[in-house]
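> Show me the folded form of this:
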Amino acid sequence: MANTASAKKATRKIARRTAVNKARRSRVRGFVRKVEEAIASGDKSAAQEALRNAQPELMRAAGKGVMHANTASRKVSRLASRVKAL
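A predicted model of the protein is given here:
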């Protein structure tokens with residue numbers, strides 16, 4: 001357990017950041033899930049719209065440090081190629 005005041009504060013900060021990051025990651029997953037569902041249903045226009053909404057969320061997560069920038073770019077690229085293939 002943390003002993004010093006600074007270590008205790010650090011654990012509080014980590015807990016707050018973890019909660020924020022979990023919420024952001026969950027939000028991104030929701031947007032990606034909507035794209036996946038639209039692709040599965042075969043609705044190209046819905047898939048394109050969902051991808052248009054998901055892309056900024058993925059990039060925002062990368063910008064905030066929730067996920068690596070390359071990971072976000074890779075996810076966008078793979079989703080876009082799947083939508084295009086519909």
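> Return the residues in contact with the residue nearest in space to the middle of the chain.
Centroid-nearest residue in the chain: residue 28, 3.0 Å away (criterion: Cα atoms, centre = their mean). When contacts are counted by Cβ atoms under 8 Å, 6 or more residues apart in numbering, residue 28 touches 54, 57, 58, 61, 66, 67. (C-beta placed from N, C-alpha, C; glycine too.)
> Would you mind listing the residues in contact with the nearest residue to the first one once chain neighbours are set aside?
The one in question is residue 54. Leaving aside its sequence neighbours, residue 54 sits nearest to residue 31 (Cβ to Cβ, 6 or more residues apart in numbering; 3.9 Å). Neighbouring residues of residue 31 by Cβ under 8 Å, 6+ apart: 50, 53, 54, 57, 58.
> With adjacent residues omitted, what lies nearest to the fourth one?
When you say that, I think you mean residue 57. residue 31 (4.6 Å).
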